[in-house]
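**Student:** Kindly return the folded structure for what I paste below:
(one chain, ligands or ions: 1)
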Amino acid sequence: MPLAFLPDLRLNYRDEGSGAPVVFSHALGLDLTMWDAVLPLLPPGLRLIRYDHRGHGGSDVPAPPYTMGALVRDAERLLDHLGVKDCVFVGLSMGGLVAQGLAVKRLDLVRGMVLSNTAARIGIESQWQARAQSVADTGMEAVADATMERWFSRRFRAEDRHLPWRERVMACQPDGYVGACAAIGGTDFYTPTASLTLPTLVLSGSEDGSTPPDLVRETAELIAGAEFRLLRGSGHLPPVDAPEAFAEALSGFLRRIGHV
Ligand SMILES: O=C(O)CC1=CCC(=O)O1
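**Tutor:** Got it, this is the predicted structure:
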């Protein structure tokens with residue numbers, strides 16, 4: 001898989017297809033494979049770029065803590081490196097924070113965004129510090145089970161469909177996870193996000209235990225003209241537990257804004 005050599009960091013990414021660019025930014029503790037089930041369901045004529053955040057997947061793992069500014073800068077430098085402008089940026093959870101920060105900073109790069117299962121602010125800093133500390137102390141096992149409960153519905157878990165995703169969380173480098181917790185805990189985008197006016201689709205899962213629908217809807221209401229859509233039966237990761245519904249919502253948005 002290609003690595004983008006940014007001045008101080010190597011970022012792992014995949015760049016597939018050709019046409020109008022769509023960039024995918026994943027959630028905490030995961031990697032670019034989070035989008036595997038969605039990409040084949042999207043219409044032709046798109047350049048599909050996905051990457052691993054610092055500290056995740058095949059990207060470098062700098063020592064924690066990280067800042068949201070650094071995560072946004074990584075996305076910015078990757079898009080500059082790939083010569084991408086005017087993309088639709090799709091960010092889920094932590095990736096949705098990156099989407100908001102990037103749109104505020106570099107509107108030349110982003111012509112539309114999809115904010116999935118995210119908010120202008122996620123949780124409170126002390127909870128993120130406590131979570132980071134437990135991973136620093138005892139590794140990913142400290143958060144794996146509780147994460148599955150927040151991410152996936154009871155039914156999904158009863159069918160053991162969460163197990164491969166638990167393995168992915170367990171494979172995350174503790175330093176990367178701890179670093180990203182600091183970035184999330186230190187981020188409050190209420191004011192900058194309220195200034196955004198670009199075309200935006202906001203998606204939420206009715207069973208999301210991490211960013212519940214009311215929180216996600218509140219962020220949609222900050223952005224003038226944003227569309228809000230609730231994916232019924234889905235949890236925190238619709239690309240995993242409801243890829244068809246996610247792809248259908250994303251494809252509709254791309255068509256409505258003339259991106260495909
Ligand atoms: O781990 C969680 O509960 C949910 C989450 C918050 C930010 C992110 O990317 O995932």
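
**Student:** Please enumerate the strands of this protein.
**Tutor:** Under the criterion DSSP state E, the chain contains strands at 3-6, 9-16, 20-25, 46-51, 87-92, 110-116, 200-205, 227-231.

**Student:** and the shortest one, what does it pack onto?
**Tutor:** Judged by 3 or more Cβ pairs under 8 Å, 6 or more residues apart in numbering; DSSP states H and E, strand 3-6 is in contact with strand 9-16, helix 68-82. (C-beta placed from N, C-alpha, C; glycine too.)

**Student:** Which of the ones you listed sits closest to the ligand?
**Tutor:** When those are ranked by distance to the ligand, counting by Cβ to the nearest ligand atom, first place goes to helix 68-82 at 10.6 Å.

**Student:** Strand 110-116 and that closest one, what's the angle between them?
**Tutor:** Relative orientation of helix 68-82 versus strand 110-116 (axes from the mean of the first three to the mean of the last three Cα atoms, to 10 degrees): 130 degrees.

**Student:** Report whether stretch 174-183 contacts the ligand.
**Tutor:** No - judged by Cβ under 6 Å from any ligand atom, stretch 174-183 and the ligand are separated, with a smallest distance of 7.5 Å.

**Student:** for the record, mean pLDDT for that stretch?
**Tutor:** Predicted confidence along stretch 174-183 averages 98 (mean pLDDT).

**Student:** Show me what counts as buried in that stretch.
**Tutor:** Counting neighbours by 16 or more other Cβ atoms under 10 Å, one finds that the buried residues in stretch 174-183 are 174-183.

**Student:** Stretch 244-260 now?
**Tutor:** When burial is assessed from 16+ other Cβ under 10 Å, stretch 244-260 yields the following buried residues: 245-247, 249-251, 253-254, 257, 259-260.

**Student:** can you list the strands of the chain in CSV and add mean pLDDT?
**Tutor:** Compiled in CSV, the strands of the chain are given as follows (pLDDT from 0 to 100):
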stretch, mean pLDDT
strand 3-6, 74
strand 9-16, 97
strand 20-25, 99
strand 46-51, 98
strand 87-92, 99
strand 110-116, 98
strand 200-205, 98
strand 227-231, 98
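
**Student:** Is Phe152 in contact with Pro164, as I believe?
**Tutor:** No - with contact defined as Cβ atoms under 8 Å, Phe152 does not reach Pro164; the gap is 11.3 Å.

**Student:** the more surrounded of those two?
**Tutor:** Of the pair Phe152 and Pro164, Phe152 is the one with more neighbours under other Cβ atoms under 10 Å, namely 26 against 10.

**Student:** residue contacts, that one?
**Tutor:** By Cβ atoms under 8 Å, 6 or more residues apart in numbering, the contact list for Phe152 reads 161-162, 165, 207, 235-237, 241.

**Student:** Just list the residues touching the closest residue to the ligand within the stretch 101-250 of the chain, thanks.
**Tutor:** Using Cβ to the nearest ligand atom, the point where the stretch 101-250 of the chain gets nearest to the ligand is Ser210, with a distance of 3.5 Å. By Cβ under 8 Å, 6+ apart, the contact list for Ser210 reads 93, 117, 122, 150-151, 236.

**Student:** And stretch 55-66, how far out from the chain middle?
**Tutor:** Here the centre of stretch 55-66 is set off from its chain's centre by 16 Å, with Cα atoms, centre = their mean, to the nearest Å.

**Student:** How about that stretch and the ligand, touching?
**Tutor:** No - Stretch 55-66 lies apart from the ligand when judged by Cβ under 6 Å from any ligand atom; the minimum separation is 10.1 Å.

**Student:** what about that stretch, start to end distance?
**Tutor:** The distance separating the two terminal residues of stretch 55-66, taken as Cα to Cα, to the nearest Å, comes to 9 Å.

**Student:** Could you pull out the buried residues of that stretch?
**Tutor:** Applying a neighbour-count criterion of 16+ other Cβ under 10 Å, the buried positions in stretch 55-66 are 55-61, 64-66.

**Student:** Turn those into JSON lines, columns for pLDDT.
**Tutor:** As requested, the buried residues of stretch 55-66 are exported to JSON lines (pLDDT from 0 to 100):
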{"residue": "Gly55", "pLDDT": "98"}
{"residue": "His56", "pLDDT": "98"}
{"residue": "Gly57", "pLDDT": "98"}
{"residue": "Gly58", "pLDDT": "97"}
{"residue": "Ser59", "pLDDT": "98"}
{"residue": "Asp60", "pLDDT": "97"}
{"residue": "Val61", "pLDDT": "98"}
{"residue": "Pro64", "pLDDT": "98"}
{"residue": "Pro65", "pLDDT": "98"}
{"residue": "Tyr66", "pLDDT": "98"}
